[in-house]
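# Give me a model of this one.
(2 chains)
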Amino acid sequence: ETGVTQTPRHLVMGMTNKKSLKCEQHLGHNAMYWYKQSAKKPLELMFVYNFKEQTENNSVPSRFSPECPNSSHLFLHLHTLQPEDSALYLCASSHLGPYEQYFGPGTRLTVT
Amino acid sequence: SQQGEEDPQALSIQEGENATMNCSYKTSINNLQWYRQNSGRGLVHLILIRSNEREKHSGRLRVTLDTSKKSSSLLITASRAADTASYFCATGGGETSGSRLTFGEGTQLTVNP
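From the prediction side, this is the model:
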């Protein structure tokens, strides 16, 4: 459906676990994003990367650690999460500037 | 901070009818975009309208933008059951905001066969 893939699609983890979410885009974009979507809340922008450099951290707790090794790959490292972190985590990419964003299918995260 | 606010929160119509969703925002924008999301999946981009445009069409979709009222509408004509989804507006700021988008809470559209 889109050129943005995310793995895994579903993840259940305990509060003491460490896990990573992966996003990959095949669209030649140079901006990538992590969003959090919780029930009954607007989509929340977490991080923005332009040309592998983080340009925005939207006051995200340090238990979420992003990594962008190149313009095509984006990771979100998770550790000591809380139950309220359970949500759908969406990755997106775009050309740099005011353009449309292309989203991956998301990772449904459940923290137990 | 929340920028776009959609209205209504939920809309239920019969197949073949038109569906209109509205979006209001607070600050100046560079562009406004509409996205669709099927249950629990990623968002799909529908239309982008820039601040100097007033209307844009794409297939059965028509988007209007009124910057004086800080509002936009999305019209889906001749709706189909497959149009059932959540629809979000997202606003993009000026040049200093770069690619940043701020999303509203969305309108849940149900099209009954």
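# Return the distance of the spatially closest residue to A:Pro8 that is not a sequence neighbour relative to A:Leu78.
Using C-beta to C-beta, 6 or more residues apart in numbering or on different chains and skipping residues adjacent in sequence, the residue nearest A:Pro8 is A:Thr107, 6.0 Å away. Backbone N, C-alpha and C define where each C-beta goes, glycine included. From A:Thr107 across to A:Leu78, the span is 10 Å (C-beta to C-beta, to the nearest Å).
# Counting neighbours, what do you get for A:Arg108?
For A:Arg108, the neighbour count with other C-beta atoms under 10 Å in any protein chain shown is 16.
# lowest confidence element among the helices and strands of chain A?
Ranked by mean pLDDT, DSSP states H and E, the weakest helix or strand in chain A is strand A:53-57, scoring a mean of 85.
# on that earlier part again, what touches both of A:Thr107 and A:Leu78?
By C-beta atoms under 8 Å, 6 or more residues apart in numbering or on different chains, A:Thr107 and A:Leu78 have these common neighbours: A:Leu21.
# Spell out which parts of chain B neighbour chain A.
Contact residues, chain B versus chain A (C-beta under 8 Å from any C-beta of the partner chain): B:2, B:30-31, B:33, B:35, B:40-45, B:48, B:50, B:88, B:90, B:92, B:97-106.
# got the residue ranges for the strands in the chain?
All of this is about chain A. For chain A, the strands defined by DSSP state E cover A:4-7, A:10-13, A:18-25, A:31-37, A:44-50, A:53-57, A:64-70, A:73-79, A:87-94, A:102-103, A:107-111.
# that answer is for a different chain, and I need it for chain B
Using DSSP E, the strands of chain B run over residues B:5-7, B:10-14, B:19-24, B:31-37, B:43-50, B:55-58, B:61-66, B:71-76, B:85-92, B:101-103, B:107-112.
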